[in-house]
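Asks: Fold the following for me, if possible:
(chains A and B)
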Amino acid sequence: MDPNIILSGKPIMIADWTALDQNGSRCFCIFLKINERVVKN
Amino acid sequence: MTYSDLLVVTLINESFVPVKADLEQNSALAFQVGALWTPSLNVIDGRENLVYRVEGWLPSSEFAAMAILARGHYFLRGKRYELAAEPFRDVSVNFPRSEWAPEALYYLGVVRYLASQNVEELKKPWNRLQRMYPQSTWSIRSDILG
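Replies: Numbers count the residues shown, from 1 in each chain, chains lettered A, B, ... in the order given. Now for the predicted structure:
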């Protein structure tokens, strides 16, 4: 699973999740891709 | 602060790969994913199928409950009913005041019934749903039990 190739348009992997709070006014779309490695374990 | 909340951070680290797209910079992607309003929270599976979507800001407890509920829906779609029961139960027990608690109880009944084919397993969560959240649309949907 490579989140950097998720969908087209090259969304970026969130390096610092907590920084999202400082970007509250931005028009962003968050994708939470279920970590299936955890699920399978 | 939703995203820096310890519960939310732990949940994201344990169960999800978070990805962000700036829709101001990429209107084509906004169209592709059908995003009409931001922030748009989209839980997707490994094949990038949409499992659950919420538009609008959420406080940390609601965000956490939503993410857990979405995992339940993920397992339900895969017909992994026993695994689906745990997140639905988690939301109903640990986030009883959440906007998602009634939905969690509804689907807890669904997955327990599908796992057991025993209607009594459906009735227990649905009876609790009707007692605790009588005004909820999910309670209304469970009125079929009579």
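Asks: Name the single longest helix found in chain B.
Replies: Looking across chain B with DSSP state H, the single longest helix is helix B:60-77.
Asks: on contacts alone, who are the packing partners of that one?
Replies: Using 3 or more C-beta pairs under 8 Å, 6 or more residues apart in numbering or on different chains; DSSP states H and E, the elements in contact with helix B:60-77 are strand A:28-34, helix B:6-15, strand B:40-44, strand B:50-55, helix B:81-94, helix B:101-116. The C-beta positions use only the backbone N, C-alpha and C, and glycine is treated the same way.
Asks: and stretch B:102-111, does that touch chain A?
Replies: No: against chain A, stretch B:102-111 shows no contacts by C-beta under 8 Å from any C-beta of the partner chain, the least distance being 15.4 Å.
Asks: next one: the longest helix of chain B to chain centre, how far?
Replies: Averaging C-alpha positions (C-alpha atoms, centre = their mean, to the nearest Å) puts helix B:60-77 3 Å from its chain's average.
Asks: ok, residue B:97 - contacts?
Replies: Listed by C-beta atoms under 8 Å, 6 or more residues apart in numbering or on different chains, the contact set of residue B:97 is empty.
Asks: Helix, strand, or coil at it?
Replies: Following DSSP: H, G, I helix; E, B strand; the rest coil, we place residue B:97 in the coil state.
Asks: per-residue pLDDT, it?
Replies: Listed pLDDT for residue B:97 reads 97.
Asks: Next, give phi and psi for it.
Replies: Dihedral pair for residue B:97: phi -90, psi 0, per degrees, to the nearest 10.
Asks: Mean pLDDT added to the helices and strands packed on helix B:60-77, as JSON lines?
Replies: JSON lines is the format used below for the helices and strands packed on helix B:60-77 (pLDDT from 0 to 100):
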{"stretch": "strand A:28-34", "mean pLDDT": "82"}
{"stretch": "helix B:6-15", "mean pLDDT": "87"}
{"stretch": "strand B:40-44", "mean pLDDT": "87"}
{"stretch": "strand B:50-55", "mean pLDDT": "91"}
{"stretch": "helix B:81-94", "mean pLDDT": "97"}
{"stretch": "helix B:101-116", "mean pLDDT": "98"}
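Asks: what's the closest of those to residue B:62?
Replies: The closest of the helices and strands packed on helix B:60-77 to residue B:62 is strand B:50-55. By C-beta to C-beta, the value is 8.8 Å.
Asks: Which strands or helices does that closest one pack on?
Replies: Partner elements for strand B:50-55 (3+ C-beta pairs under 8 Å, 6+ apart): strand B:40-44, helix B:60-77.
Asks: Distance-wise, check the residue of chain B most remote from its centre relative to residue B:19.
Replies: What lies farthest from the middle of chain B is residue B:25; by C-alpha atoms, centre = their mean that is 28.8 Å. According to C-beta to C-beta, to the nearest Å, residue B:25 and residue B:19 sit 14 Å apart.
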